[in-house]
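**Student:** return a 3D structure for these sequence lines:
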Amino acid sequence: MFFMPFIYAFFCTLPSLVVYSKKELSLKQMVIRKIIQFVLIELIVFLISYVMGPLRDIFMSVAMIAAVAVV
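**Tutor:** Residues are numbered from 1 along each chain as shown. Have a look, this model is predicted:
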């Protein structure tokens, strides 16, 4: 489990591609893309934690979602 931070970092940087655009985005487009990016990061952290095993019960799942939302 030594490489877990690197795994999280790699997969959580991928949603940043959602914000990329060749032209300037309007404020509404940027907000929507940031919301999508946030949801994708939540899902990635949750899924990696579920697959690797740290999420064992509902309390840990809720705590993980809350922690990612705060950060």
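
**Student:** mind listing the helices for the chain?
**Tutor:** 4-13, 27-52, 58-70 (DSSP state H).

**Student:** hmm, Asn44 is touching Phe10, no?
**Tutor:** One thing to correct before we go on: residue 44 is Ile, not Asn. No - between Ile44 and Phe10 there is no contact under CB atoms under 8 Å: 9.8 Å. Using the backbone N, CA and C atoms, a C-beta is placed for each residue, glycine as well.

**Student:** show me which of those two is the more surrounded one.
**Tutor:** Neighbours were counted for Ile44 and for Phe10 using other CB atoms under 10 Å; Ile44 has more, 19 against 12.

**Student:** who are the contact partners of that one?
**Tutor:** By CB atoms under 8 Å, 6 or more residues apart in numbering, the contact set of Ile44 is Tyr8, Phe11, Cys12, Leu14, Pro15.

**Student:** for Val68, same thing?
**Tutor:** Neighbour list for Val68: Ile41, Glu42, Val45, Phe46 [criterion: CB under 8 Å, 6+ apart].

**Student:** roughly how far does it sit from Gln37?
**Tutor:** 12 Å (CB to CB, to the nearest Å).

**Student:** please apply the same query to Leu17.
**Tutor:** Leu17 sits 9 Å away from Gln37, taking CB to CB as the criterion.

**Student:** higher neighbour count, those two?
**Tutor:** The residue with more neighbours, out of Leu17 and Gln37, is Gln37; 17 against 9, by other CB under 10 Å.

**Student:** for that one, give me its contacts.
**Tutor:** Neighbour list for Gln37: Pro15, Ser16, Val18, Val19 [criterion: CB under 8 Å, 6+ apart].
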